[in-house]
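S.K.: Build me a model:
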Amino acid sequence: MNRYLFSLLSCGLLAWTTSARVGSQAPASPGRITLLVVNARIWTGDTQTPWAEALGISGEEIVAVGSNADVRRLSTTAEIVDAGGRLVVPGFIDSHVHFLEGGTRLASVQLRDASSRDEFVKRIKEFAATVPAGTWITGGDWDHSLWGGELPTREWIDAVTPNHPIWINRLDGHMALANSAALKTAGGIRATDKIAGGEIVLLPNGEPSGLFKDNAMALVDKAVPAMSNEMRDRALTAAMNYVAAQGVTTVHDMETWTSLETVARARKANTLLTRVYSVVPLNDWERLRDEVAQNRYGGTDGRGDDWLRIGGLKGFVDGSLGSHTAAFNQPFNDSPKDSGLLVHTPDDLYRWISGADRIGLQVMVHAIGDRANGLLLDIYERVIRENGTRDRRFRIEHAQHLASADIPRFARLGVIASMQPYHAIDDGRWAEKYIGDRIKTTYAFRSLLDAGARLAFGSDWFVAPPTPLEGIYAAATRRTLDDRNPSGWVPEQKILVEEALRAYTAGGAFASFTEKRKGVLSAGRLADLVILDRNILEIPAAEIRNARVVMTITGGRKVFERDKRNGQL
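M.R.: Prediction:
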């Protein structure tokens with residue numbers, strides 16, 4: 001069919017094409033065709049030739065995209081995946097996860113949907129009974145808004161956890177609860193301690209309640225035993241299998257050096273199922289500079305290959321809205337004396353960002369409140385002016401609550417808005433109570449796109465589920481999780497399904513300098529793709545939340561398959 005993209009191979013029927021690539025891998029030579037995906041409705045992501053019927057894969061790369069007849073002629077021996085007319089899209093790129101944390105939480109106490117104080121306590125009690133005395137119980141991801149907004153204290157759980165240190169975080173990761181056993185183990189914590197960029201929440205009697213916010217959480221974190229390498233490897237495997245079932249083929253991992261080391265072990269063992277852009281703490285930029293120079297992770301540029309990439313740094317300006325630690329220009333509506341906090345000083349942020357940028361590392365910084373976003377844009381603008389023009393691709397992680405005047409600055413400065421649509425339909429249940437009319441530019445997807453900004457979408461897993469289909473649904477409908485906003489929460493910020501899909505594919509690739517390898521289905525790019533059970537570009541946006549991943553293929557290999565009947569999916 002004339003409208004389909006088709007790439008010709010050198011065998012006489014077609015000619016091979018190879019795009020530029022990253023990492024240490026040499027350009028592929030024409031080889032044996034290993035997999036054909038046929039009878040599909042392929043959204044290629046290529047704006048020039050957006051649709052096709054079939055594609056051919058050799059090893060890890062796509063070698064042809066076109067019609068069923070032409071692609072079938074490539075090989076009579078390759079494995080065939082008959083998509084049965086289903087939609088095929090590029091593999092989803094989750095541009096913001098905490099990968100090992102997410103994998104670890106799959107095996108921990110589940111508190112995300114605990115909707116009452118009694119249910120919260122009951123689940124902790126029951127989980128504690130399943131692990132040996134003395135075992136630290138972490139994770140949890142509780143949400144106090146589900147039971148009316150009362151914050152938990154150690155007094156809630158001490159009686160049911162006398163033999164287990166408890167250190168469970170709120171779902172946003174910016175506040176956590178310790179029981180008395182954990183406080184005793186941590187030791188040396190005084191109610192009078194003042195923590196820059198954090199807070200020890202007190203009981204009415206002036207004693208620590210067990211709640212710690214942002215930087216104060218380090219007082220308890222230091223007492224939590226380190227995981228063994230074996231447990232980290234298990235957490236990574238659990239995380240990879242989980243995201244594969246959601247159609248995610250690449251993650252940008254906002255973690256630690258330990259996470260990078262864990263992924264590197266799997267890369268060396270050739271057991272990675274998910275491609276990882278491993279991002280380390282911003283204040284360690286000099287260490288990352290040295291790691292790149294020493295070429296520990298391979299690649300022609302010292303930044304790894306198609307499976308594991310380094311070169312990114314992640315920092316923080318402020319905390320979160322739900323914890324009242326996001327930095328705003330004006331106080332919270334429900335707390336008139338409180339306008340949030342800065343996790344790091346502007347001087348420190350400038351020094352780290354400028355140093356990292358000067359040597360060509362990519363900087364991405366968490367900013368939630370309007371003050372935090374404006375401050376970070378100011379720093380980025382100063383660094384661009386001082387360090388000169390180049391393709392640096394600064395990112396703001398979350399970019400949640402923006403002053404109207406700051407929205408055009410994203411495009412003008414070339415700053416990528418790395419956003420998580422699921423947060424909009426979650427926070428939309430309660431955000432107006434905290435910030436009132438400021439919600440008009442909260443998760444401002446439409447305004448940012450209209451201003452010419454680039455979007456890269458992700459989940460922030462473990463904070464939210466790593467489910468791109470739910471993220472696309474959220475961006476296109478903005479219907480909150482409680483279904484109380486059927487027309488959308490702040491509906492003027494809705495975007496088109498195709499725009500959201502592009503932010504989960506090409507947007508994520510651009511945000512990691514890998515757009516020549518990922519985000520589009522074309523010859524020479526990596527064979528990372530997803531088959532869906534319905535065409536999300538044609539059904540009503542409200543039905544997308546019911547869509548399911550049928551198959552995920554990463555590097556030409558099936559890493560998830562839901563079902564198979566009579567040779568068809």
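S.K.: Let me know whether residue 502 touches residue 45 as I believe.
M.R.: Yes. Contact criterion Cβ atoms under 8 Å: residue 502 and residue 45 qualify, at 6.7 Å. From N, CA and C alone the C-beta is placed, and that goes for glycine too.
S.K.: So residue 433 belongs to a helix, correct?
M.R.: Yes. Under DSSP: H, G, I helix; E, B strand; the rest coil, residue 433 sits within a helix.
S.K.: these two touch, right, it and residue 335?
M.R.: No. Judged on Cβ under 8 Å, residue 433 makes no contact with residue 335 at a distance of 10.5 Å.
S.K.: Alpha carbons of the top strand by length along the chain, as PDB, please.
M.R.: Ordering each strand of the chain by length in residues (DSSP state E) puts strand 308-316 first. The C-alpha coordinates for strand 308-316 follow below in PDB (Å, rounded to 0.1, in the frame of the first residue of the first chain):
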ATOM      1  CA  LEU A 308      22.800   0.800  29.900                       C
ATOM      2  CA  ARG A 309      23.500   4.500  29.500                       C
ATOM      3  CA  ILE A 310      25.000   6.900  32.000                       C
ATOM      4  CA  GLY A 311      25.700  10.700  31.800                       C
ATOM      5  CA  GLY A 312      22.600  12.000  33.600                       C
ATOM      6  CA  LEU A 313      22.400  13.800  37.000                       C
ATOM      7  CA  LYS A 314      19.300  14.300  39.100                       C
ATOM      8  CA  GLY A 315      18.900  16.900  41.900                       C
ATOM      9  CA  PHE A 316      16.100  18.500  44.000                       C
END
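S.K.: Please compute how far that strand lies from its chain's middle.
M.R.: Distance of strand 308-316 from the chain centroid (Cα atoms, centre = their mean, to the nearest Å) equals 13 Å.
S.K.: List the buried residues of whatever helix or strand comes next after that strand.
M.R.: Sequence-wise, the next helix or strand downstream of strand 308-316 (DSSP states H and E) is helix 346-358. Judged by neighbour count using 16 or more other Cβ atoms under 10 Å, the buried positions of helix 346-358 are 349-350, 352-357.
S.K.: now those residues as a markdown table including pLDDT?
M.R.: Formatted as a markdown table, the buried residues of helix 346-358 follow (pLDDT from 0 to 100):
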| residue | pLDDT |
| --- | --- |
| 349 | 98 |
| 350 | 98 |
| 352 | 98 |
| 353 | 98 |
| 354 | 98 |
| 355 | 98 |
| 356 | 98 |
| 357 | 98 |
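S.K.: Quick check: residue 244 touching residue 274?
M.R.: Yes. Counting by Cβ under 8 Å, residue 274 is a contact partner of residue 244 at 6.8 Å.
S.K.: Starting from residue 57, give me the distance back to residue 75.
M.R.: 10 Å (Cβ to Cβ, to the nearest Å).
S.K.: Also residue 241?
M.R.: In terms of Cβ to Cβ, residue 241 sits 22 Å off from residue 57.
S.K.: okay, the two: which has more neighbours?
M.R.: Set side by side, residue 241 and residue 57 show more neighbours around residue 57, with 26 against 15, by other Cβ atoms under 10 Å.
S.K.: hey, where'd the strands end up in the stretch 51-200 of the chain?
M.R.: Secondary structure of the stretch 51-200 of the chain by DSSP state E, counting those that start in this stretch: the strands cover 51-52, 54-58, 61-66, 79-82, 87-90, 92-97, 109-110, 137-142, 166-170, 175-178, 198-202.
S.K.: Pull up the pairing partners for the fifth one, direction included.
M.R.: Spelled out, that is strand 87-90. Paired strands of strand 87-90, with direction, are strand 41-43 (parallel), strand 529-532 (antiparallel) (DSSP bridges).
S.K.: between those, which gets nearest to residue 226?
M.R.: Proximity to residue 226 (Cβ to Cβ) singles out strand 529-532 among the strands paired with strand 87-90, at 35.4 Å.
S.K.: next SSE after the closest one?
M.R.: strand 549-554.
S.K.: that older thread, what touches both of residue 75 and residue 57?
M.R.: 33, 36 (Cβ atoms under 8 Å, 6 or more residues apart in numbering).
S.K.: about what we covered before: any common contacting residues for residue 244 and residue 274?
M.R.: 554, 559.
S.K.: List the residues that contact residue 394.
M.R.: Counting by Cβ under 8 Å, 6+ apart, residue 394 has contacts 357, 362-364, 380, 384, 413-416.
S.K.: go on, residue 90?
M.R.: Going by Cβ under 8 Å, 6+ apart, residue 90 touches 43-45, 505-506, 518-521, 528-530.
S.K.: swap in residue 138?
M.R.: Contact analysis of residue 138 by Cβ under 8 Å, 6+ apart lists 104, 108, 167-169, 224.
S.K.: Who does the nearest residue to residue 81 once chain neighbours are set aside form a beta bridge with?
M.R.: Distance criterion Cβ to Cβ, 6 or more residues apart in numbering; nearest residue to residue 81, sequence neighbours excluded, is residue 37 at 4.7 Å. Under DSSP bridges, the beta-bridge partners of residue 37 are residue 55, residue 81.
S.K.: In contact with residue 37: list those residues for me.
M.R.: Contact partners of residue 37, counting by Cβ under 8 Å, 6+ apart, are 54-55, 57, 80-81, 83, 88, 529, 531, 553.
S.K.: Most widely separated two among the residues you listed?
M.R.: 80 and 529 (14.6 Å).
S.K.: So for the two, which residue has more residues nearby?
M.R.: Using other Cβ under 10 Å, the more surrounded residue of residue 80 and residue 529 is residue 529, with 29 against 16.
S.K.: I'd say the more buried one and residue 86 touch.
M.R.: No. In this structure, residue 529 is not within contact of residue 86 by Cβ under 8 Å, at 11.5 Å.
S.K.: Can you tell me the centre-most residue of the protein?
M.R.: residue 96 (2.3 Å; Cα atoms, centre = their mean).
S.K.: Identify the residue nearest it in space, chain neighbours excluded?
M.R.: Leaving out its chain neighbours, the residue that sits closest to residue 96 by Cβ to Cβ, 6+ apart is residue 458, at 3.5 Å.
S.K.: Double-check the one you found against residue 417; I have them as touching.
M.R.: No. Using Cβ under 8 Å, residue 458 makes no contact with residue 417, being 11.1 Å away.
S.K.: residues shared between the contacts of these two?
M.R.: Counting by Cβ under 8 Å, 6+ apart, residue 458 and residue 417 have no common neighbour.
S.K.: do you know how far the residue nearest to residue 96 is from residue 186?
M.R.: For residue 458, the distance to residue 186 - Cβ to Cβ - is 32 Å.
S.K.: more crowded one of residue 502 and residue 45?
M.R.: Between residue 502 and residue 45, counted using other Cβ under 10 Å, residue 502 has the larger neighbour count: 25 against 20.
S.K.: Now the element after the strand or helix carrying that one, going C-ward?
M.R.: Per DSSP H and E, residue 502 falls inside helix 497-503. Next helix or strand after helix 497-503 toward the C-terminus (DSSP H and E): helix 506-510.
S.K.: Just the CA atoms of that next one, as CSV, please.
M.R.: C-alpha atoms of helix 506-510 as CSV (Å, rounded to 0.1, in the frame of the first residue of the first chain):
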residue,chain,number,x,y,z
ALA,A,506,9.9,10.0,21.0
GLY,A,507,9.7,12.4,23.9
GLY,A,508,11.5,10.1,26.2
ALA,A,509,14.1,9.2,23.5
PHE,A,510,14.9,12.9,22.9
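S.K.: Identify the residue spatially nearest to residue 508, adjacent ones excluded.
M.R.: residue 93 (2.8 Å).
S.K.: just residue 31 next, same as before
M.R.: In this structure, residue 31 finds its nearest non-sequential neighbour in residue 58, 4.9 Å apart by Cβ to Cβ, 6+ apart.
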